[in-house]
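Asker: no FASTA, just this:
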C-alpha cells in the first residue's frame, strides 16, 4: 500500500500524463482533470480492490466517472496501473482509439460504465451498488461527479434511491471546483452547500480539502467499514486546473488544449509543484 507521500508523487505523474495526452491530441479537458487528480490517485493506487490483469473480475470495486469529460486523468491512472500499454495514451480522441473523448466500456479495459451525459453516471453507480447488495457481494462502488453536474435533477433522483435502498457500499466524490464550462457555478446555478444537501437526502456526508492526500486517505479509512445503511458523500473542495498557475480557477480552461509554450510552462510547474 502506497504512503501518502508516494500518492502525492503519483498524483503529480497522473497530472503530467493527462496534460501530455491533451496536448498531443490538441483536444480535451485539462481543468477538471487537474482538479480530480488527487481523488483518482487515492482510489486507484490505494483504496480500490481491482486487478488490472482481470478488468472484468466479478468481485472488483467499481469506479464510475460521472463527469466523463475528464477521462484523461482516468486513462492516466488505468495506464499507469497496467490496464493497457502506456503507448496507447498518445492516441487520445483519435478515430479508432480505445481512448475516446468520453469513457467507452466497450473499447477501454478498466472502464466500468460508459459516461458523458452529465447526471447519468451516479444513477448507474446506484444500480451497481444495488446489484452488489442483492447478489450478496462485498464490492464497493465509487462515483465521481462534478459540482456543476449537481445541477442535474437526475443526480438527486439517484441520491434518493441510494438512501432508500440503504446503499452503504456506494461512495460519491464531488469534485467541488466551483466552475463549469460557461463560468462560475454560483452565477450559473448555485448548488448551495452540497454536504448539507447530500446529508438531507440521507447520506453520511463529509467535506474535505480535495487536494490534501492526508484528508482523502483519512476519510476513506474512516468510512471503509461503516455498514450503517447510509450511502457516503465526500464533497472535495478543489481548484480547477490545480497545479498550473495560468489554469487555476480560469473557466476557459475547461476544455482547451495548451499550445507549445503553455504546455512547456505547465509541465515545469507540475514537476516543480506549486504551493498548496
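Answerer: Ah, there it is. Owing to the predicted nature of the structure, the values given are computational and were not obtained by experimental measurement.
Asker: quick check: mean pLDDT across the helix or strand containing residue 19?
Answerer: According to DSSP states H and E, residue 19 maps onto helix 4-25. In this model, helix 4-25 has a mean pLDDT of 98.
Asker: again with stretch 74-86
Answerer: pLDDT averaged over stretch 74-86 gives 98.
Asker: Next: stretch 228-238.
Answerer: Computed over stretch 228-238, the average pLDDT equals 97.
Asker: in that stretch, what counts as buried?
Answerer: Neighbour counts over stretch 228-238 (16 or more other CB atoms under 10 Å) mark 230-238 as buried. The C-beta positions use only the backbone N, C-alpha and C, and glycine is treated the same way.
Asker: separation between residue 74 and residue 43?
Answerer: 10 Å (CB to CB, to the nearest Å).
Asker: Please identify which of those two sits among more neighbours.
Answerer: More crowded of residue 74 and residue 43, by other CB atoms under 10 Å: residue 74, with 27 against 21.
Asker: Secondary structure element holding the more buried one?
Answerer: Using DSSP H and E, residue 74 falls within helix 71-81.
Asker: in this structure, which residue is closest to the centre?
Answerer: In the chain, the residue lying closest to the centroid (CA atoms, centre = their mean) is residue 144, at 4.4 Å.
Asker: Was I right to think that residue contacts residue 177?
Answerer: No. Taking contacts as CB atoms under 8 Å, residue 144 lies outside contact range of residue 177: 11.9 Å.
Asker: which residues does the nearest residue to residue 17 once chain neighbours are set aside contact?
Answerer: Leaving aside its sequence neighbours, residue 17 sits nearest to residue 76 (CB to CB, 6 or more residues apart in numbering; 3.9 Å). Residue 76 makes contact with 13-14, 17-18, 21, 89, according to CB atoms under 8 Å, 6 or more residues apart in numbering.
Asker: distance of the residue lying closest to residue 66 once chain neighbours are set aside from residue 251?
Answerer: Leaving aside its chain neighbours, residue 66 sits nearest to residue 121 (2.7 Å; criterion: CB to CB, 6+ apart). For residue 121, the distance to residue 251 equals 22 Å [CB to CB].
Asker: Then residue 211?
Answerer: Using CB to CB, residue 211 is found at 19 Å from residue 251.
Asker: Centre of the chain to stretch 14-34, how far?
Answerer: 14 Å (CA atoms, centre = their mean, to the nearest Å).
Asker: scratch that, stretch 103-115 is what I was asking about
Answerer: Taking CA atoms, centre = their mean, one finds stretch 103-115 lying 14 Å from the centre of the chain it belongs to.
Asker: Contacts made by the very next helix or strand once past the helix holding residue 74 with the rest, please.
Answerer: Next along the chain after helix 71-81, taking DSSP H and E as the criterion, comes helix 121-134. Applying CB under 8 Å, 6+ apart, the external contacts of helix 121-134 come out as 62, 64-68, 112-113, 115, 137-143, 145, 154-155, 157-159, 161-162, 165-167, 169-170, 172, 231.
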